[in-house]
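Undergrad: No sequence on hand, only this structure:
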């Protein structure tokens, strides 16, 4: 007896959303019977269906489409699965019956193409609800009425199968939940996410700027944003000094030969800026009539050299390590740098500070013996935990990225990979937090441990990372002298607790909704005078605060006090001190803060002492 075919695994919510996509398709065909449908899967935030249709769908059509969708769910149609032969599926597609309510003059062209991509011998299944028949592997809920609550959200353009050589389709997005309560909670969360959007807050609070004349994906750190970045760098810098790291600085550019040795060029050239060729070489090639394609081939093959904006810091750090002899007594060598690297991201993939073309990593590379490796990896992981705990990011998981044994992208000896993967597994297991193993997520030179942080809205961000590498030391022929007097190969560890400063701070802006803890806030205190009579008192307090390196601003303008308070609140200043006649004559301050529901009168020395303690302790 043949085994029952197994449908792709989906969560209960994914089943609801997959079924909602079929409900959408049914509704579209009721309104536009000529519509040609491609694919309609569930996705992380809901579902979509790609459609080829002369009518340009816009949000103005959503109410009409949703009304038809409600009629389909109210009809409570069964989702019926059936297996068919390839020949029968082709016949239905040629008759226009796939992804349709009835046979049509035009064949179901996209479904026929999808059908041709199903391997020979693999089961072909259809799902039917009411008159709608679709080529689909499933699974679905039992009936359309089980699609509890849904809403269309937006529409965009896409190429069929993501290939610009294929027809351009309309992609209609929606979301669905088991009930209205869950859907309302989802949209409330989206509204909160809009308020916390780091692009909006970054503009409102003047934290960073991206200018078309400078270039998209190239972040300009304004004075306020630079303070946040510098405070984080100061913190991690002190931690690194305590742990025996040495600070280094490297150029933003390097010879192509360096990256050929590391393996970054030409294998990953699509994600790098184009090489820079020396002017004399370019002039000579131009005189020879060299075409752009020929120049590219010469660069790839190594026939001519050039320079590259560095995509990674590790080759430069390797060269620093290799610049002098090392004994086993010198190891581990820990080199750290806030190093800026450059990646060529497609313009459609850029987004604020979380996806950029130039970013600075809190990067470090450790060179150690195999015996030292477990302790060094664990030390790196504990450093990442220290950073997260400092910032109140306690909800995170650990992901161990391993080789995909079926992929050829990985370099090096399989035996070394086995050792490196074991070191990552053992270190992750020792952390006391959940971790998962994900084949295919390793870097090309070694396995890695990623920290995936969940923010206050429940969204996940991949931030800190630690990687174990046996391969680059071989590629660069690194060595140290062992206790036996012979040359041995060190092991490398790559680590970046923040990941990139841009992405990390973009995440922090949203995590704190721009209301940073006092030690991290660009402006820590704002003094507000009620009248000019308090100006001298205010200037004295301002001087005392500045003497202790507190970031303070004095607003002694003639604006009304309510307007001054409002401006300070919009700037998300942690402490707003109002100074009136009573305060100035009694050495007090009227304190407004996020922790207080109403202003509180405090003796100035008491508040001053408390403030300095919060900053020194980096309190949240």
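TA: Received, thanks. Because the structure is a prediction, the values reported are computed rather than measured. Numbers count the residues shown, from 1 in each chain.
Undergrad: Tally up the residues packed near residue 572, please.
TA: 18 (other CB atoms under 10 Å). Placement of C-beta: from N, CA and C, glycine included.
Undergrad: just checking, it is part of a strand?
TA: No: Residue 572 is assigned coil when assessed by DSSP: H, G, I helix; E, B strand; the rest coil, not a strand.
Undergrad: Where does the prediction get shaky in this structure?
TA: For the chain, the stretches with pLDDT under 70 are 1-8.
Undergrad: and residue 182, what element?
TA: Secondary structure assignment for residue 182, by DSSP states H and E: helix 180-196.
Undergrad: So which other helices or strands are in contact with that helix?
TA: strand 149-159, strand 168-177, helix 501-511 (3 or more CB pairs under 8 Å, 6 or more residues apart in numbering; DSSP states H and E).
Undergrad: Name the strands paired with the second one and say parallel or antiparallel.
TA: Listed by DSSP bridges, the sheet partners of strand 168-177 and their directions read strand 46-52 (antiparallel), strand 149-159 (antiparallel).
Undergrad: For residue 119, which of those is the nearest?
TA: If you check each of the strands paired with strand 168-177 against residue 119 by CB to CB, strand 46-52 wins as the nearest, at 22.3 Å.
Undergrad: quick check: angle from the closest one to helix 180-196?
TA: 80 degrees (axes from the mean of the first three to the mean of the last three CA atoms, to 10 degrees).
Undergrad: Just the residues contacting strand 46-52, thanks.
TA: Defining contact as CB atoms under 8 Å, 6 or more residues apart in numbering, one finds that strand 46-52 is touched by 17-18, 20-21, 24-25, 28, 35-41, 57, 110, 153, 158, 160, 167, 169-176.
Undergrad: Any of those residues buried? List them.
TA: Buried members of the contacts of strand 46-52, counted by 16 or more other CB atoms under 10 Å: 17-18, 20-21, 24-25, 28, 35-40, 57, 110, 153, 160, 169-176.
Undergrad: As a markdown table, the helices and strands packed on helix 180-196 with distance to residue 619 would be great.
TA: Below are the helices and strands packed on helix 180-196 laid out as a markdown table (distance: least, CB to CB, whole Å):
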| stretch | distance to residue 619 |
| --- | --- |
| strand 149-159 | 40 |
| strand 168-177 | 38 |
| helix 501-511 | 16 |
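Undergrad: For burial, what's the neighbour tally of the closest residue to residue 322 other than its chain neighbours?
TA: Excluding the flanking residues, the one nearest residue 322 by CB to CB, 6 or more residues apart in numbering is residue 478, at 5.9 Å. Neighbourhood size, residue 478 [other CB under 10 Å]: 19.
Undergrad: my read is residue 478 is in a helix, agree?
TA: No: the assignment for residue 478, made by three-state DSSP, is coil rather than a helix.
Undergrad: Quick check, it in contact with residue 490.
TA: Yes: using CB atoms under 8 Å, residue 478 and residue 490 qualify as a contacting pair, with a distance of 5.6 Å.
Undergrad: which residues do those two both contact?
TA: In contact with both residue 478 and residue 490: 321, 367, using CB under 8 Å, 6+ apart.
Undergrad: Relative to residue 172, how far out is residue 154?
TA: Residue 154 sits 8 Å away from residue 172, going by CB to CB, to the nearest Å.
Undergrad: same question, residue 143
TA: From residue 143 to residue 172 the distance is 22 Å (CB to CB).
Undergrad: I figured residue 526 hits residue 571, correct?
TA: Yes: in terms of CB under 8 Å, residue 526 counts as a neighbour of residue 571; the distance is 7.5 Å.
Undergrad: so residue 545 is in which element?
TA: Judged by DSSP H and E, residue 545 forms part of helix 535-547.
Undergrad: Packing partners of that helix?
TA: Judged by 3+ CB pairs under 8 Å, 6+ apart, helix 535-547 is in contact with strand 525-529, strand 552-555, strand 575-579, helix 604-617.
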